[in-house]
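K.L.:
predicted model and sequence below, questions to follow.
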Amino acid sequence: VRGKGGNKALKLIKNARIITMDAQRRVFDDGAVAIAGSRIEAVGERQALERRYPEAETIDAGGMLLIPGLINAHTHIYQVLYKGLGDDAALSDWLKKCVYPMSLNLTGQDCYHAMKLSAVEMIRGGTTTFVDCHYMNRDLSCQDYLAQAVTDSGIRGVLGRGTIDAAPAPEPLRESVAQAVAEAERVIKAYHGAADGRLSVRLEALNEKLASREMISAMRGVAREHRVGTNMHIAEAAERVRECREKLGMTSIEYIHSLGVTGPDVLLAHCCWLSEHDMEILSDTGTHVAHNPVSNQYLADGVAPVPELLRRGVNVTAGPDGACSNNNQNMFDVMKSAALLHKVHSLDPEIITAQQVFEMVTINAAKAIGREADLGSIEAGKYADLALIDTNRPCMIPCFRPVSNLVYAATPDVVDTVMIHGEIVMRRRELVAMDEQEVLAKAGEAALALARRSGLA
């Protein structure tokens, strides 16, 4: 990617094969994108935009694919420091064996290093936006350190301010409803819309088991009051749905629906165990679902009925989940797994397509977080969150169908250049805003020190 003089306030990426993901799913084989500040000014054929913007600073894409930045719709950033410590265990054992011991010793400074490490991995893999869930609040500064690391790294982050208040979570990790409300309001005030709009906040009472009815209702109320949106883990494990039926006479989805935790501003992670009525509720209320195919296989949680949800018109997006139930932030793995899992589960190779999967990690994800006016496609007026894909790589040749290659063939090293908010954060595989080797070294040191403090080194 070579820059060429001109108007520094206006950039023109040219000679690109553009996968727009707009409503018409247009593709420009010889396209260009004009960028003014943080937003896209125009998208179209190269020759037309060259004539229209003769003074723009040009960036020659050299025939690479230009795609919307990928959106990681569900992760737990702090868990990158726990990688490998919870392998080969069921969900309940995984929590006891790895997540709780480490989290009892987790500090805000640890979260800063985890976020910087995750930002390196995500940017290198073409991810420009992520949706976090941080519910380990023994150290209340964790959200502040996460926000600072997002600001410093140049990525776009949705801070999920999560909370738990019920057994079997260890008492020191639980919050009172009053503290959770006060902290949620503080985080919203401090960071929603910060970093020139690269930071936003959503609230989450973690799930139907570890959050009480009072906590779920309180977090939903604060989210509605401040119009920031609600996230939640739900129906991830069969035992949780079974317990909910036994105690309340309702499925997990029916339970949170009774508390008002459904609707167009709600994003539900996992949803592996859904009844017909559950899917009807999600469809009727416009509730969004974050699919986590790699994590669900890793923990043997189950298979979410994604093809049926799509058939019913439910907006489904995707994410890797945390790095100790996936081990990376690789959205190419997520895409391929999302396609193949449902094919083999249904014994139907046509049940889900590459195009549908690519929609999950672009425009569907933007809709799920209420940002479809700003993100998820390459269109005039949206933020310039873009990734250039080098098709001159073994896994990308031949490239008859670019979206098919992205879902079924690509690996993160095909990502050549990444732009977020109109700023290049990686150029020709070199990070611009971070010293990568320093980030890696400090994160490794932080992880080892945390494991030692936790007795797991």
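P.N.:
That came through, no problem.

K.L.:
could you list the low-pLDDT ranges of this protein?
P.N.:
Within the chain, the ranges that satisfy pLDDT under 70 run 1-8.

K.L.:
which residue lies nearest the spatial centre of it?
P.N.:
Centroid check for the chain by CA atoms, centre = their mean gives Asn72 as the closest residue, at 2.1 Å.

K.L.:
which residues does that residue contact?
P.N.:
Met122, Thr127, Thr129, Phe130, Val131, Gly319, Pro320, Gln329, Met331, Val334, Val361, Ala365 (CB atoms under 8 Å, 6 or more residues apart in numbering). (Glycine included, C-beta is placed from N, CA and C.)

K.L.:
secondary structure element holding the first one?
P.N.:
I take that to be Met122. Following DSSP states H and E, one finds Met122 within helix 108-124.

K.L.:
do Ala190 as well
P.N.:
helix 177-191.

K.L.:
coming back round to it: helices - which of the contacts of Asn72 land there?
P.N.:
Among these, the ones falling in helices (DSSP state H) are Met122, Met331, Val334, Ala365.

K.L.:
what's the most distant pair in those?
P.N.:
Greatest spacing in the ones in helices among the contacts of Asn72, by CB to CB: Met122 and Ala365 (13.3 Å).

K.L.:
more neighbours: which of those two?
P.N.:
Ala365 (32 against 29; other CB atoms under 10 Å).

K.L.:
can you pull the contacts of the nearest residue to the residue nearest to the centre of the chain once chain neighbours are set aside?
P.N.:
Spatially, and ignoring its direct neighbours in sequence, Asn72 is nearest to Phe130 (4.1 Å; CB to CB, 6 or more residues apart in numbering). By CB under 8 Å, 6+ apart, Phe130 lies in contact with Ile71, Asn72, Thr75, Ile77, Ser118, Met122, Ile155, Arg156, Gly157, Val158, Gly319, Gln329.

K.L.:
then Ala409?
P.N.:
So Ala409 contacts Cys395, Met396 (CB under 8 Å, 6+ apart).

K.L.:
so how far is Glu239 from it?
P.N.:
37 Å (CB to CB, to the nearest Å).

K.L.:
what segments of the stretch 151-300 of the chain are helices?
P.N.:
With DSSP state H, counting those that start in this stretch applied, the stretch 151-300 of the chain shows helices at 177-191, 213-226, 238-248, 252-258, 276-285, 293-298, listed in chain order.

K.L.:
can I get the CA coordinates of the longest one in CSV?
P.N.:
Coordinates of each C-alpha in helix 177-191 appear next as CSV, following Å, rounded to 0.1, in the frame of the first residue of the first chain:
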residue,chain,number,x,y,z
VAL,A,177,-27.0,-4.7,43.0
ALA,A,178,-26.2,-1.2,44.3
GLN,A,179,-22.6,-1.4,43.4
ALA,A,180,-23.3,-2.8,40.0
VAL,A,181,-25.7,0.0,39.2
ALA,A,182,-23.3,2.7,40.5
GLU,A,183,-20.4,1.3,38.5
ALA,A,184,-22.5,0.8,35.4
GLU,A,185,-23.5,4.4,35.5
ARG,A,186,-19.9,5.5,36.1
VAL,A,187,-18.6,3.5,33.2
ILE,A,188,-21.3,4.8,30.9
LYS,A,189,-20.6,8.4,31.9
ALA,A,190,-16.8,8.0,31.5
TYR,A,191,-16.6,6.0,28.3
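
K.L.:
what's the angle from it to helix 213-226?
P.N.:
30 degrees (axes from the mean of the first three to the mean of the last three CA atoms, to 10 degrees).

K.L.:
tell me where the stretch 51-200 of the chain has strands.
P.N.:
For the stretch 51-200 of the chain, applying DSSP state E, counting those that start in this stretch gives strands covering 56-60, 65-68, 70-75, 127-132, 156-163, 199-205.

K.L.:
tell me which of those strands sits nearest to Tyr100.
P.N.:
strand 156-163 (14.8 Å).

K.L.:
give the other helices and strands that that closest one contacts.
P.N.:
Contacts defined by 3 or more CB pairs under 8 Å, 6 or more residues apart in numbering; DSSP states H and E place strand 156-163 against strand 127-132, helix 142-153, helix 177-191, strand 199-205.

K.L.:
relative to strand 199-205, how tilted is that strand?
P.N.:
Using the same axes, to 10 degrees: strand 156-163 against strand 199-205 is 30 degrees.

K.L.:
alpha carbons only: can I get strand 156-163 in CSV?
P.N.:
Output of strand 156-163 as CSV, limited to C-alpha atoms (Å, rounded to 0.1, in the frame of the first residue of the first chain):
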residue,chain,number,x,y,z
ARG,A,156,-12.9,0.2,18.2
GLY,A,157,-14.3,-1.4,21.4
VAL,A,158,-17.7,-2.0,22.9
LEU,A,159,-17.0,-2.3,26.7
GLY,A,160,-19.5,-4.8,28.1
ARG,A,161,-19.8,-3.9,31.8
GLY,A,162,-20.9,-7.2,33.2
THR,A,163,-21.8,-8.4,36.7
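
K.L.:
what segments of the stretch 301-450 of the chain are helices?
P.N.:
306-311, 331-346, 354-360, 363-368, 402-408, 436-453.

K.L.:
most tightly packed of those helices?
P.N.:
The highest mean neighbour count among these, using mean count of other CB atoms under 10 Å, belongs to helix 363-368: a mean of 26.
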